[in-house]
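> what follows is a predicted structure for the sequence shown.
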Amino acid sequence: ISLLVTIMVVVILLKKMKAQFVLFFGGLTLLICSIAMDAFGLLPNGAQILPKGVASTGFIGFDLFKCITSLMSSRTAGIGLLIMSAAGYSKYMSMIGASAIMADYLCRPLRIFRSPYFVLSLAYIIGAIADLFIPSASGLAMLLMVTIYPVLVRLGASRLSAAAVIATVSCLDMGPTSGAANYAAQVAGMDTMTYFVEYQIPVGIVVTIAVAALHFFTQRYFDAKDGDKANEVDEATAKQEKIDVKGAPAWYGLLPMIPLVLLIVFNRFVIDTVKLDVPTAMFISFTVALCCELARKAVKDVLNTGFEFFNMMGRQFATVITLIVAGELFAKGLIATGTIDYLIAGMIVVVSFISISCVVMGSGNAPFFAFAPLVPDFAQQFGVSTILLLMPMQLSTGLARVMSPITAVVVAVAGCSGISPFALVRRTAIPMTGGLIVMVLMTIIQN
């Protein structure tokens with residue numbers, strides 16, 4: 001039953017239906033099936049359709065929807081506020097020009113080098129660092145298309161090579177500003193900074209170096225092979241992307257770094273007497289940025305722009321938080337039918353499945369949020385740590401997503417550079433596949 005419902009869900013998702021509704025429908029179907037199975041005595045422990053600690057309404061039909069509301073309330077107050085505040089701050093940094101200035105400063109050192117493929121590798125590393133402060137893959141890519149893409153092309157790299165590097169800079173989806181990383185930390189039962197510092201950083205450093213090296217050899221090989229074709233413009237794809245990188249003072253480039261600096265300083269690794277969580281750090285940073293704007297502009301203009309912080313929070317609730325809840329409901333259905341008790345899998349299988357789903361769907365969030373809640377049960381059955389399964393799943397979503405010609409960042413970069421998305425993923429596939437392999441090996445070694 002679970003296999004049939006899962007196949008149905010995947011097929012419908014491939015038709016570009018809204019993932020939230022598809023996962024909600026799949027989860028409710030599985031929960032109803034578990035009730036029916038329990039009625040026939042097929043579930044020894046009964047149909048457990050409500051989260052632990054949640055009281056029944058007294059009617060099993062209403063309990064199906066009580067499951068949704070309990071998941072929604074707990075996630076909105078916890079991981080939801082975290083993701084919404086991080087996205088709101090990122091959007092505000094973009095609105096006031098701070099993100100563009102920071103990206104420009106990070107890219108400036110590259111202009112002193114003359115080897116195009118060495119600069120490509122360094123550009124990837126710098127972009128990966130910028131991703132810690134600018135968690136939007138498409139947003140960061142567009143900033144880099146303005147600041148670093150012309151530099152790479154002037155140095156002799158082809159349009160395809162430069163675009164391939166820029167499209168992949170956000171592939172690891174790391175840091176306290178990443179919604180998926182925060183959700184992974186919560187599922188693993190640890191705070192965000194512990195997950196980031198103790199687990200993500202050691203693996204991320206090695207993977208980043210490996211991907212940078214792979215970009216060096218891959219792009220040089222394809223440029224030599226493709227010749228002039230590597231610089232051809234696809235008129236059907238080309239479009240103009242305009243990003244304003246002017247108007248804000250140079251020191252605004254420091255503002256996007258404030259949340260990460262606060263979280264690094266005030267935690268158990270540095271100053272453990274003060275405990276600071278991600279939403280609090282985001283609101284502190286937002287207040288600081290708002291005061292900086294008030295010192296330069298009219299109050300009405302500043303407050304109108306500042307309201308985008310809350311608008312973005314609302315959009316994140318509508319897209320990401322509802323997706324998390326829908327994914328958890330689907331996972332709850334798989335657990336309720338007893339599927340988890342019979343499922344035999346390993347990290348390689350799980351990572352492969354998630355990666356293929358990301359490529360096919362063009363999204364990392366939908367498959368990750370759907371299956372992440374199952375990981376603690378997987379880990380317990382296999383006798384391994386939750387992180388051993390969870391972190392490869394979370395990191396693989398970003399790496400695999402960039403190999404899809406329909407994912408947002410690939411389409412955006414292809415359009416901005418005037419090349420075909422399919423030609424672009426041909427250049428990203430090898431570095432991302434190599435990154436996946438290195439990431440899995442490093443996770444095994446680390447755990």
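Cool, the structure landed. Residues are numbered from 1 along each chain as shown.
> and the strands in the stretch 201-350 of the chain?
With DSSP state E, counting those that start in this stretch as the definition, the stretch 201-350 of the chain shows no strands.
> show me the shaky parts of it.
The model of the stretch 201-350 of the chain has pLDDT under 70 over residues 230-247, 268-269, 338-350.
> show me the helices in it, by range?
Using DSSP state H, counting those that start in this stretch, the helices of the stretch 201-350 of the chain run over 201-226, 258-265, 278-294, 299-316, 322-336, 339-342, 347-361.
> nearest to residue 46, of those?
For residue 46, the closest of the helices of the stretch 201-350 of the chain is helix 322-336, at 9.5 Å, according to Cβ to Cβ. For glycine as for every other residue, the C-beta is placed from the backbone atoms N, C-alpha and C.
> between helix 299-316 and that closest one, find me the angle.
In terms of direction (axes from the mean of the first three to the mean of the last three Cα atoms, to 10 degrees), helix 322-336 departs from helix 299-316 by 20 degrees.
> so what does helix 322-336 touch, helix or strand wise?
helix 2-14, helix 19-39, helix 60-75, helix 365-371 (3 or more Cβ pairs under 8 Å, 6 or more residues apart in numbering; DSSP states H and E).
> which of the helices of the stretch 201-350 of the chain sits closest to residue 94?
Nearest of these to residue 94, taken as Cβ to Cβ: helix 299-316 at 8.9 Å.
> buried by neighbour count: which residues of the closest one qualify?
In terms of neighbour count (16 or more other Cβ atoms under 10 Å), helix 299-316 has its buried residues at 302, 306, 308-309, 312-313, 316.
> same thing with stretch 96-107?
The neighbour-count check on stretch 96-107 (16+ other Cβ under 10 Å) flags 96-104, 106-107 as buried.
> can you redo those residues as a markdown table with distance to residue 440, pLDDT and secondary structure?
Below are those laid out as a markdown table (distance: Cβ to Cβ, whole Å; pLDDT from 0 to 100; DSSP: H, G, I helix; E, B strand; the rest coil):
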| residue | distance to residue 440 | pLDDT | secondary structure |
| --- | --- | --- | --- |
| 96 | 40 | 89 | coil |
| 97 | 39 | 85 | coil |
| 98 | 36 | 85 | helix |
| 99 | 32 | 78 | helix |
| 100 | 35 | 79 | helix |
| 101 | 37 | 84 | helix |
| 102 | 32 | 79 | helix |
| 103 | 30 | 74 | helix |
| 104 | 35 | 76 | helix |
| 106 | 29 | 72 | helix |
| 107 | 31 | 70 | helix |
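> would you reformat these as TSV and include distance to residue 152?
TSV is the format used below for those (distance: Cβ to Cβ, whole Å):
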residue	distance to residue 152
96	27
97	23
98	24
99	20
100	18
101	20
102	19
103	14
104	14
106	14
107	10
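> residue 153: which of those residues is nearest?
For those, the nearest to residue 153 is residue 107 (13.2 Å; Cβ to Cβ).
> and the contacts of stretch 313-323?
Residues from elsewhere that reach stretch 313-323 (Cβ atoms under 8 Å, 6 or more residues apart in numbering): 19-20, 23, 72, 75-76, 79-80, 83-85, 87-88, 179, 365-366, 369.
> now swap in stretch 21-28 and tell me
Here stretch 21-28 has contacts from 5-6, 8-9, 12-13, 64, 68, 323, 326-333, 366, 370, using Cβ under 8 Å, 6+ apart.
> recalculate using a threshold of 10 Å.
Residues outside stretch 21-28 that contact it (Cβ atoms under 10 Å, 6 or more residues apart in numbering) are 2, 5-6, 8-13, 15, 17-18, 49, 64-65, 67-68, 71, 322-334, 336, 366, 369-370.
> now stretch 260-277
With contact meaning Cβ under 10 Å, 6+ apart, stretch 260-277 is reached by 81-82, 85, 132-133, 175-177, 191-194, 196-198, 254, 257, 259, 278, 280-282, 284-285, 288.
> how about the CA coordinates for that stretch, as PDB?
In PDB, the C-alpha atoms belonging to stretch 260-277 read as follows (Å, rounded to 0.1, in the frame of the first residue of the first chain):
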ATOM      1  CA  LEU A 260      26.200  34.500  11.600                       C
ATOM      2  CA  VAL A 261      28.700  36.400  13.800                       C
ATOM      3  CA  LEU A 262      26.200  36.600  16.600                       C
ATOM      4  CA  LEU A 263      25.500  32.900  16.400                       C
ATOM      5  CA  ILE A 264      29.100  31.900  16.300                       C
ATOM      6  CA  VAL A 265      30.000  34.100  19.300                       C
ATOM      7  CA  PHE A 266      27.100  33.400  21.500                       C
ATOM      8  CA  ASN A 267      26.900  29.600  21.700                       C
ATOM      9  CA  ARG A 268      28.600  26.800  23.700                       C
ATOM     10  CA  PHE A 269      31.700  26.900  21.500                       C
ATOM     11  CA  VAL A 270      32.700  30.500  22.400                       C
ATOM     12  CA  ILE A 271      30.600  32.400  25.000                       C
ATOM     13  CA  ASP A 272      28.400  29.700  26.600                       C
ATOM     14  CA  THR A 273      26.900  32.000  29.300                       C
ATOM     15  CA  VAL A 274      24.600  33.600  26.700                       C
ATOM     16  CA  LYS A 275      22.400  31.400  24.600                       C
ATOM     17  CA  LEU A 276      21.200  33.000  21.300                       C
ATOM     18  CA  ASP A 277      18.900  31.200  18.900                       C
END
